[in-house]
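K.L.:
here is a sequence with its predicted model. Questions after.
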Amino acid sequence: MNRNHLALTSLRQRRAAALALWRLRAPMLAFEWDAAWGLDRAVVDELFRSAVSAPDEQPDGRYRRAAAELSRTPLLASEVDDPNVRELVQLETLVRLLAFTEALTEPAGDQIDDQVEFIVECPRDLAHYVDRCVEASFHDHPSQDAHRQYLAALPEPVRGHGLGYFASRNLAVEHVCHEALPALLATDGLLDTPTGRDLIARCEDFGVELAATLKWLGTTGH
């Protein structure tokens with residue numbers, strides 16, 4: 001594999017990781033955080049926005065500075081005892097935001113593969129976790145009929161996985177992203193092209209829906 005192909009592959013992986021993070025942006029930003037965490041909303045938002053920016057020295061520098069500031073917060077120097085469902089989703093997201101710094105470079109070999117997989121697996125695992133929380137609830141989800149219709153309409157290869165609603169939705173969005181990323185130019189950020197903006201919008205829609213269910217779980221106590 002030549003150097004240019006390695007760089008292109010790394011860029012696609014970086015973008016896949018950035019889109020995986022964006023699927024968790026709404027659950028991260030839609031709620032007030034515990035003041036003891038010491039998080040700055042502008043810093044966290046900068047991480048998401050810099051991740052989907054063009055691969056360039058300036059946005060990458062902003063990401064590294066924001067990640068360094070995040071790593072100095074009281075939250076990162078302590079543990080959260082018995083986090084609720086929403087807090088667990090947010091804590092796992094913060095870990096992946098810090099991990100994304102490894103994807104800002106173009107290393108060959110397994111390093112970037114491992115970091116990207118670590119990030120991409122996050123919305124998969126959290127979506128499955130939220131599905132289990134919804135199933136275990138003593139209350140009926142307000143959109144349960146729509147969720148059943150969505151699952152029933154899935155094509156057989158996907159339906160055969162036996163995944164719940166959010167895990168299936170995440171898989172569908174991830175697949176669309178995977179198919180579209182090779183068409184994006186190396187110089188463009190994800191916000192700079194109609195295709196990139198469409199992928200971000202799909203990820204945002206998923207995240208908003210996930211955040212709404214986290215709010216419902218917090219209200220019902222599930």
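P.N.:
Nice, thanks for sending it over. Numbering: from 1, shown residues only.

K.L.:
switch to C-alpha atoms for all contacts and neighbour counts from now on
P.N.:
Will do.

K.L.:
backbone dihedrals for Asp188, please?
P.N.:
phi -90, psi 140 (degrees, to the nearest 10).

K.L.:
wait, it touches Val52, no?
P.N.:
No: using Cα atoms under 8 Å, Asp188 makes no contact with Val52, being 9.6 Å away.

K.L.:
low pLDDT regions in the chain?
P.N.:
Along the chain, segments meeting pLDDT under 70 span 1-9, 105-112, 158, 160, 221-222.

K.L.:
picking that back up, who's more crowded, Asp188 and Val52?
P.N.:
Here Asp188 and Val52 are compared on neighbour count by other Cα atoms under 10 Å; more neighbours surround Val52, at 25 against 15.

K.L.:
does the residue nearest to the more buried one when sequence neighbours are not counted count as helix, strand or coil?
P.N.:
Among residues not flanking Val52 along the chain, Leu190 sits closest, at 5.3 Å (Cα to Cα, 6 or more residues apart in numbering). The three-state label given to Leu190 by DSSP: H, G, I helix; E, B strand; the rest coil is coil.

K.L.:
isn't Leu190 right up against Ala201?
P.N.:
No: Leu190 is beyond contact range of Ala201, at 10.6 Å (criterion: Cα under 8 Å).

K.L.:
between the two, who's got more neighbours?
P.N.:
Neighbour count, other Cα under 10 Å: between Leu190 and Ala201, Leu190 has more, with 25 against 16.

K.L.:
I'd say Leu75 and Ala36 touch.
P.N.:
Yes: because the distance of 7.2 Å satisfies Cα under 8 Å, Leu75 is recorded as touching Ala36.

K.L.:
more neighbours, those two?
P.N.:
Using other Cα under 10 Å, the more surrounded residue of Leu75 and Ala36 is Leu75, with 17 against 10.

K.L.:
quick one: the closest residue to that one other than its chain neighbours from Ala201, how far?
P.N.:
In space, and not counting its chain neighbours, Leu75 is closest to Trp37: 4.5 Å by Cα to Cα, 6+ apart. Using Cα to Cα, to the nearest Å, Trp37 is found at 29 Å from Ala201.

K.L.:
now do the buried residues in stretch 82-91.
P.N.:
Val85, Arg86, Glu87, Val89, Gln90, Leu91 (16 or more other Cα atoms under 10 Å).

K.L.:
how about those residues in JSON lines, adding secondary structure and distance to Leu184?
P.N.:
Output for the buried residues of stretch 82-91, formatted as JSON lines (DSSP: H, G, I helix; E, B strand; the rest coil; distance: Cα to Cα, whole Å):
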{"residue": "Val85", "secondary structure": "helix", "distance to Leu184": "35"}
{"residue": "Arg86", "secondary structure": "helix", "distance to Leu184": "33"}
{"residue": "Glu87", "secondary structure": "helix", "distance to Leu184": "34"}
{"residue": "Val89", "secondary structure": "helix", "distance to Leu184": "30"}
{"residue": "Gln90", "secondary structure": "helix", "distance to Leu184": "29"}
{"residue": "Leu91", "secondary structure": "helix", "distance to Leu184": "31"}
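
K.L.:
sweet, I'm off.
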